[in-house]
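Trainee: Quick one: sequence and predicted model below, then my questions.
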Amino acid sequence: MSLRFLALPAALVLALAAHAAETSTAAQDPQSVSIDEARNRISTDVAAMDANNDGFIDAAERNAEHELRQAERRQRQAEHAQARFLAMDADADGKVSVAEVVAARSARLEARDRNGDGKIGADESAHRGHAKRGCKDSGNHDAHASGDAGN
């Protein structure tokens, strides 16, 4: 038997094993994405940027895509701000009183005190959004959590 003849079945077995491992990992971790899936998403996203379908992305197409993403981000931020406003408007009068703001921000701070000791310890201080982004600005975490930062 030649080595070439054995190489094909061996390669097939390795490919199947790799696929099985990838599939079992994806089943264990629903947030995992295979490299092939990621490549397909990239291909789809990049192809969508090519507005004139010439196989290239020029500066105008890139700028249009950038503007679209910024507009979508601004829309999400506006919707989030409106939802926060409505959540604070306890009496639903279309206005938020100082008392309503204080109550809402206090409730958010109290929710962070997971162990109920009346303090926000180091393990409780990282604001959920900051941990995702790797924020190291610990001096502003309480301001962010209470809604003071950037508002």
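Mentor: On my side now, so go ahead. Numbering: from 1, shown residues only.
Trainee: In this protein, where is pLDDT below threshold?
Mentor: 1-28, 126-151 (pLDDT under 70).
Trainee: can I see the domain layout of it?
Mentor: 32-88, 91-121+141-151 (automatic domain parsing).
Trainee: Now render those as a markdown table, adding mean neighbour count.
Mentor: In this view, the C-beta of every residue, glycine as well, is placed from N, C-alpha and C. Shown next, in a markdown table, are these (neighbours: other Cβ atoms under 10 Å):
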| stretch | mean neighbour count |
| --- | --- |
| domain 32-88 | 11 |
| domain 91-121+141-151 | 13 |
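Trainee: Counting residues, which helix of the protein comes out longest?
Mentor: Determined from DSSP state H, the single longest helix within the chain is helix 59-88.
Trainee: Three-state assignment for the closest residue to residue 113 other than its chain neighbours, please.
Mentor: Leaving aside its chain neighbours, residue 113 sits nearest to residue 120 (5.7 Å; criterion: Cβ to Cβ, 6 or more residues apart in numbering). Three-state assignment for residue 120 (DSSP: H, G, I helix; E, B strand; the rest coil): coil.
Trainee: Show the backbone phi and psi for residue 120.
Mentor: Per-residue torsions, residue 120: phi -110, psi 100 (degrees, to the nearest 10).
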